[in-house]
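Student: Need the 3D shape of this:
(2 chains)
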Amino acid sequence: MSQEIIDTVTQYCTKNIPVTLISQGAEAAIFTTPVHPYLQNTNEDEVYIIKYRPSKKYRHPTINKALTKHRTLSESRILAKLFQIKGIKVPKLIACDPYNGYIWLEFLGEDLPNGFGFSNLKNYLWMNATDSYHDNVKNTLVKVGEQIGLLHWNDYCHGDLTSSNIVLVKTESGGTWEPHLIDFGLSSISNLVEDKGVDLYVLERAIISTHSSFSDKYNEWILEGYSNIYKKHGKAGNQRLTEVLARFADVRMRGRKRSMIG
Amino acid sequence: MVNLNTIPPKNNREYYIAIGLEGSANKLGVGVVKHPRLASHQSGDNSHICKAEILSNIRDTYITPPGEGFLPRDTARHHRNWVTRIIKRAIKEAKLTDPKLDIDVICFTKGPGMGAPLHSVVIAARTISLLWDVPLIGVNHCVGHIEMGREITKAENPVVLYVSGGNTQVIAYSENRYRIFGETLDVAIGNCLDRFARTLKISNAPSPGYNIEQLAKQCKNKDRLIQLPYTVKGMDLSMSGILAYIDSLAKDLFKENKKNKLLFDQETGEGLVTVEDLCYSLQENLFAMLVEITERAMAHVNASQVLIVGGVGSNVRLQEMMAQMCRDRANGRVHATDERFCIDNGVMIAQAGLLQYRMGDVIKDLKDTVVTQKFRTDEVYVSWRE
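Tutor: Below is the predicted model:
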């Protein structure tokens, strides 16, 4: 299938735009290309991302068509809007074709040292598994929390927060990492506390299931960063924070057949 | 290091025999399973290759009339009435001459499930334990499904999709727990199908889901899918809204509510949709959601194998869709079992219980045999895997 996807994308892009597959997620395949769709290339090292949502053969064509269009379009819209909000770090949207399921984006991240792979939060936490309570880890996770806090404060919900959907970019001075949120395929604009609570719950569970040994501390730090953003907004912020956290606790309890003890 | 041979088999034999009693919902199952004592179990993670031999697998299902579900009280009565006979048949079919000498351990479902049926079955388990002087083991129902699936399909470390009348979970193993990656936020998929079958008033034998599957196969208008809500929420899904919506469509269809534009042609008044179409659309929509969250979990843990367990797992259409998804992911494989092992049965309880027993986890006091309605998959410490 991978080959099939590559063929489809190569055909779509024509031979003037060489593409390289770098990852195949559940929903989309990610390619890199050195070509910018409408700007003259200035820097030869520059690469861009092409995100393609292949049609799923297992799904009924009607569902497929509706989902591809809906998700591509809403992802592009949300990315475009988020990019303009101060403080929120997301990849820059370059172009999009919702009917065929293509999005053209700015490339973020790099490879971690010592063969730990691409610099997403998952690999970063695994890299630091031996020294998990280091201040750097804490700082990074607090910043992750702040990004999510900003997102929610502006009434956006990510919908699929996992540690692989957070990419870390090294700051120019080096040393520290700046988290960027990616993959807004399931995102929505929503001011419901419910959606925000579910968002936090999804992330918490993703952290527990992939980084189980240190998940308590990790989640605590993320929530610390999250709360920081809300608290900046004084009384109104505090009130909204309490609402979200209360709902988050509710959602957590709602996970089915939870034991009565904890 | 996992050593599955910690406890030697009874009477210096070279094999273990366990009997499993299952009755967490409307199926009452008793199964006998035999494990040879293998040197490969001395060390390492080989719990999926037990070379288990199924000596007997007896099941009796409490079937309600069309349009009705099974109530805890009546189901418990059914189990009480049948449990002795089923145990006898299981012992006879397994050709055990003296259960006192032959059986190493008695396994029962500790939960999750309906309280009353669970109670009826555990009482039977306690009784035979005292009667034959054989130790007891309480087994988590979900873990039973997973272990049976692993043993039958020999899948070593798959992502597990557990879909049944009471549960919908995507599970992956990590650090001695079966961790839940995604699950339903409200009703289970089997429950959703069962309740829709009740609205349609179709037969509950052999199972409502099976009858919906057969109706869906007869759908003549497969190109025109009825659009239903598609409610994947990250790794989780929600099905109550879909059920409510399709229920309302079915009711409009039966009442011949001509005002419904989706169901009836506004000019001629002709029906556009049949019951078969509804079943087909419901299945396509629900299963697409299931496959999607499974694929998400696979991508997240980098797995290439899927194991489908639970009653809904015997649905051929779901298996097809899952197989298609696995083919499309490089080198993916789907493992599924047939109705003998998908639908609740005693063998799976015996299989998981025997693994627990061989790791030395045995109930010492009858007061620890209390069953519980709420018992999450990730509460179980999986000592038999690395």
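Student: quick one: low-confidence ranges for the chain?
Tutor: No chain was given, so I picked chain A. Residues of chain A meeting the criterion pLDDT under 70: A:1, A:41-42, A:255-262.
Student: wrong chain, I was asking about chain B
Tutor: Within chain B, the ranges that satisfy pLDDT under 70 run B:330.
Student: Could I get the full set of helices for it?
Tutor: Assigned by DSSP state H, the helices in chain B fall at B:72-93, B:99-102, B:115-132, B:141-153, B:189-200, B:208-217, B:240-255, B:275-301, B:316-328, B:339-342, B:346-358.
Student: Other residues contacting the second one?
Tutor: The set of residues external to helix B:99-102 that reach it, using Cβ atoms under 8 Å, 6 or more residues apart in numbering or on different chains, is B:10, B:11, B:17, B:19, B:91, B:96, B:128, B:132, B:133, B:134. (Glycine included, C-beta is placed from N, CA and C.)
Student: rewinding a little: of all the helices of chain B, which lies closest to residue A:71?
Tutor: In terms of Cβ to Cβ, the element of the helices of chain B nearest to residue A:71 is helix B:275-301, at 11.3 Å.
Student: Would you mind naming what in the stretch 1-150 of chain B lies close to chain A?
Tutor: Within the stretch 1-150 of chain B, the positions near chain A by Cβ under 8 Å from any Cβ of the partner chain are residue B:112.
Student: Taking the stretch 1-150 of chain B, what residue is nearest to chain A?
Tutor: Closest approach between the stretch 1-150 of chain B and chain A, counting by Cβ to the nearest Cβ: residue B:112, at 5.1 Å.
Student: can you pull the contacts of residue B:324?
Tutor: Listed by Cβ under 8 Å, 6+ apart, the contact partners of residue B:324 are A:57, A:58.
Student: State the distance from it to residue B:230.
Tutor: Going from residue B:324 to residue B:230 by Cβ to Cβ, to the nearest Å gives 18 Å.
Student: residues contacting the residue of the stretch 1-150 of chain B closest to chain A?
Tutor: Neighbour list for residue B:112: A:257, B:24, B:140, B:141, B:142, B:166, B:167, B:372, B:373, B:374, B:375, B:376 [criterion: Cβ under 8 Å, 6+ apart].
Student: Please tabulate these in TSV and include distance to residue B:266 and neighbour count as additional columns.
Tutor: As requested, the contacts of residue B:112 are arranged in TSV below (distance: Cβ to Cβ, whole Å; neighbours: other Cβ atoms under 10 Å in any protein chain shown):
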residue	distance to residue B:266	neighbour count
A:257	46	20
B:24	48	31
B:140	53	26
B:141	49	26
B:142	48	30
B:166	41	22
B:167	42	27
B:372	54	17
B:373	49	16
B:374	49	15
B:375	52	23
B:376	49	19
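Student: tell me which of those is nearest to residue B:204?
Tutor: residue B:166 (15.9 Å).
Student: where's the closest one relative to chain A, distance?
Tutor: Distance, residue B:166 to chain A, by Cβ to the nearest Cβ, to the nearest Å: 9 Å.
Student: on that earlier part again, out of the contacts of residue B:112, the closest to residue B:335 would be?
Tutor: Using Cβ to Cβ, residue B:142 is the member of the contacts of residue B:112 that sits closest to residue B:335, with 16.6 Å.
Student: Correct me if wrong: the closest one contacts residue B:168.
Tutor: No: the pair residue B:142 / residue B:168 is not scored as a contact, 11.0 Å apart, by Cβ atoms under 8 Å.
Student: Mind listing the shared neighbours of these two?
Tutor: With Cβ under 8 Å, 6+ apart as the test, residue B:142 and residue B:168 both reach residue B:162.
Student: Can you show me the CA trace of stretch B:143-157 as CSV?
Tutor: Coordinates of the C-alpha atoms in stretch B:143-157 are reproduced here as CSV (Å, rounded to 0.1, in the frame of the first residue of the first chain):
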residue,chain,number,x,y,z
VAL,B,143,-8.1,-10.7,29.8
GLY,B,144,-9.8,-14.1,29.1
HIS,B,145,-10.8,-13.0,25.6
ILE,B,146,-7.3,-11.6,24.9
GLU,B,147,-5.4,-14.7,26.1
MET,B,148,-7.7,-17.1,24.2
GLY,B,149,-7.3,-15.0,21.0
ARG,B,150,-3.5,-15.0,21.4
GLU,B,151,-3.4,-18.7,22.0
ILE,B,152,-5.6,-19.6,19.0
THR,B,153,-4.0,-17.2,16.5
LYS,B,154,-0.5,-17.3,18.0
ALA,B,155,-0.3,-13.5,17.6
GLU,B,156,2.6,-12.5,19.9
ASN,B,157,2.0,-8.9,20.6
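Student: Just the residues contacting it, thanks.
Tutor: Residues from elsewhere that reach stretch B:143-157 (Cβ under 8 Å, 6+ apart): B:20, B:22, B:45, B:47-50, B:52, B:109, B:158, B:160, B:162, B:164, B:171, B:173, B:178, B:303, B:305, B:307-310, B:333, B:335-337, B:341, B:345, B:347-349, B:351-353, B:355, B:377, B:380, B:382.
Student: Now the buried members of these.
Tutor: Listed as buried from the contacts of stretch B:143-157 are B:20, B:22, B:47-48, B:50, B:52, B:109, B:158, B:160, B:162, B:164, B:171, B:173, B:178, B:303, B:305, B:307-310, B:335-337, B:341, B:345, B:347-349, B:351-353, B:355, B:377, B:380, B:382; burial here means 16 or more other Cβ atoms under 10 Å in any protein chain shown.
Student: Confirm that residue A:80 sits in a strand.
Tutor: No: read with DSSP: H, G, I helix; E, B strand; the rest coil, residue A:80 is helix and lies in no strand.
Student: domain ranges for chain A?
Tutor: With domains defined by the TED database, chain A comprises A:1-106, A:121-255.
Student: before we move on, back to that, max pairwise distance over the contacts of helix B:99-102: which two?
Tutor: Top of the distance list for these (Cβ to Cβ): B:11 and B:128, 18.4 Å.
Student: and those two? which has more neighbours close in?
Tutor: Taking other Cβ atoms under 10 Å in any protein chain shown, residue B:11 and residue B:128 do not tie; residue B:128 has more neighbours (22 against 8).
Student: which residue packs closest to that one, ignoring adjacent ones?
Tutor: residue B:106 (6.1 Å; Cβ to Cβ, 6 or more residues apart in numbering or on different chains).
Student: so that neighbour sits right up against residue B:21, yeah?
Tutor: Yes: if you go by Cβ under 8 Å, residue B:106 and residue B:21 touch, sitting 7.2 Å apart.
Student: Now do the shared contacts for those two.
Tutor: Counting by Cβ under 8 Å, 6+ apart, the shared contacts of residue B:106 and residue B:21 are residue B:125.
Student: So what's the residue count around the residue nearest to residue B:128?
Tutor: The burial count for residue B:106: 27, using other Cβ under 10 Å.
Student: Please consider this matter closed, and thank you.
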